[in-house]
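Chemist: Structure here, sequence nowhere to be found:
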């Protein structure tokens, strides 16, 4: 039995899926440097290895790859819809099309979900940067850099004692001050020769708990607060990215998105593909079921730790 011509043929549903997929806004395209992978895993030794430009002097002084090795294995992901044959025959209201659109939304935002987990767990043992330390740590060190921290804590009662807020419910002045401290920390980072990295306050984004998004938008991008004109924050306007995976309301992250290597890496092995098992298949004959699914292989992982700052309000 052919699928009824309600736009529910395989090609029609495939078009619906990819139309919705393209319409979704994906944070990972901003936060992660895409790397094309051609094998099961990739090893990164080039992170942090670029030398400072120097006077010629007696000739070139070549700098090789880092001794640190950072291997990242690709993972396989899938999502599959099972639809009963009778459902397709009886679907006069486009409910199956809606389910396919929701599948597209899930597929489009899956990498963002993985990014949210990397952010939330970035200071947890096992969630390491290329230098072997947790991605957010107070003791990143390489060569002559000395210990460097991309994990900040701000005691709000000490720096803004008159503000009626708490770490879990920060006020606009608290967010603005904490953000400025994070931007200041970005400017202090040095390479393994002790030379300043000169990280500019451009292309900045803030990842925050989803329930607090409006507070961060008002703090970092509003031109007036309580009818008073305020100066724009350094590096503004700042993109505010709410992540539901960030459940610690006292923590947010400042991320640089316009560097050659961003805070995260999106390692792509096999692109998203749409597959369908429908009319005439064994599934239909034996179980009267149609299957619609997606599959891909990739890995979201950490990139440059010095392009990300974790801020804990205490």
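Modeler: That came through fine. Keep in mind that this is a model prediction, so the values were computed, not measured. Numbering: from 1, shown residues only.
Chemist: what element comes up after the lowest-mean-pLDDT helix or strand in the chain heading to the C-terminus?
Modeler: Between all helices and strands in the chain, the lowest mean by mean pLDDT, DSSP states H and E belongs to helix 282-287, at a mean of 61. Sequence-wise, the next helix or strand beyond helix 282-287 is strand 289-302, with elements assigned using DSSP states H and E.
Chemist: Which of the helices or strands spans residue 20?
Modeler: Under the assignment given by DSSP H and E, the secondary-structure element containing residue 20 is helix 10-23.
Chemist: Now that helix: buried residues?
Modeler: Buried residues in helix 10-23, counting neighbours by 16 or more other C-beta atoms under 10 Å, are found at 10, 13, 16, 17, 20, 21. To be clear about C-beta, it is placed using only N, CA and C from the backbone, and glycine gets the same treatment.
Chemist: Compute the number of surrounding residues for residue 83.
Modeler: When neighbours are counted by other C-beta atoms under 10 Å, residue 83 registers 22.
Chemist: hmm, back to that, closest to residue 255 among the buried residues of helix 10-23?
Modeler: residue 21 (24.3 Å; C-beta to C-beta).
Chemist: can I assume that closest one is in contact with residue 110?
Modeler: No: Residue 21 lies out of contact with residue 110 (C-beta atoms under 8 Å); the separation is 11.0 Å.
Chemist: For the stretch 201-314 of the chain, which segments count as strands?
Modeler: With DSSP state E, counting those that start in this stretch, the ranges of strands along the stretch 201-314 of the chain come out as 204-209, 224-225, 228-229, 239-243, 251-256, 264-277, 289-302, 308-313.
Chemist: per-residue pLDDT, the spatially most central residue of the chain?
Modeler: Centroid-nearest residue in the chain: residue 115, 3.8 Å away (criterion: C-alpha atoms, centre = their mean). If you check residue 115, the pLDDT there is 98.
Chemist: And for residue 260?
Modeler: The model's pLDDT for residue 260 equals 91.
Chemist: Angles on the backbone of it, please.
Modeler: Listed backbone geometry of residue 260 is phi -60, psi -40, with angles given as degrees, to the nearest 10.
Chemist: Contacts for stretch 147-155 next, please.
Modeler: Outside stretch 147-155, the residues that touch it by C-beta atoms under 8 Å, 6 or more residues apart in numbering are 123, 136-141, 177-178, 181-182, 185, 188-190, 305-306, 308-314.
Chemist: can you tell me the average pLDDT over the helix or strand hosting residue 178?
Modeler: When secondary structure is defined by DSSP H and E, residue 178 falls within helix 172-186. What helix 172-186 shows for mean pLDDT is 95.
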